[in-house]
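Visitor: What follows is a predicted protein model with its sequence.
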Amino acid sequence: MASNDGGAFRRMLRKLTSDVEVLDAVDLSEDAEKSGAHRASECARGQEVTMLGRLRSVEFCPQDAEASLQAELFDGTEGVTLIWLGRRRIAGIEPGRTMRVRGRIAVRDGHKVLYNPYYEICQAQ
């Protein structure tokens, strides 16, 4: 019984002393693993993946440029850029949203990208 109390105490102490961003990344990674999603850090070019994460940023394209919408999805291990070609806005795609996306990994300028991914906006937990 003492070993369980010590483990619980260590976890509580870690939560109190760790950086909020680190704790959030751990939680996101655990949620993605529980859902059976792929981890961004383990994905390779050409692999078809399903990922779960939170949108860190969303960039709307100006009216005079080519239509595209870009967002960064973070799953707790690494960020992946989502790009919807031919779209300037998609309702519900905004920073802070949790999403499940599916598509084939590409690499652009050294960063992982999903072009026109299938997506599902998940309920906040």
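Guide: Thanks, I have the structure now.
Visitor: And stretch 92-99, how far out from the chain middle?
Guide: The offset between the C-alpha centroid of stretch 92-99 and the centroid of the whole chain comes to 10 Å, using CA atoms, centre = their mean, to the nearest Å.
Visitor: do stretch 40-57 as well
Guide: Stretch 40-57 has its average C-alpha position 7 Å from the chain's average C-alpha position, going by CA atoms, centre = their mean.
Visitor: what comes up buried for that stretch?
Guide: Of the residues in stretch 40-57, those buried by neighbour count under the rule 16 or more other CB atoms under 10 Å are 40, 43, 49-55. C-beta: built from backbone N, CA, C; applies to glycine.
Visitor: what sits against residue 69?
Guide: Remark: with contacts taken as CB atoms under 8 Å, 6 or more residues apart in numbering, residue 69 is in contact with 58-61, 83-84, 87-90, 93.
Visitor: helix, strand or coil for it?
Guide: Using DSSP: H, G, I helix; E, B strand; the rest coil, the three-state assignment for residue 69 comes out as strand.
Visitor: Closest one of the buried residues of stretch 40-57 to residue 76?
Guide: residue 53 (7.1 Å; CB to CB).
Visitor: Return the residues in contact with the closest one.
Guide: If you count contacts by CB under 8 Å, 6+ apart, residue 53 has them with 28, 32, 40, 73-76, 80, 98-99, 101.
Visitor: which strand in the protein runs the most residues?
Guide: Of all the segments assigned as strand in the chain under DSSP state E, the longest by residue count is strand 48-60.
Visitor: on that earlier part again, which of the buried residues of stretch 40-57 lies closest to residue 122?
Guide: Taking CB to CB as the measure, residue 122 lies nearest residue 52 of the buried residues of stretch 40-57, at 7.3 Å.
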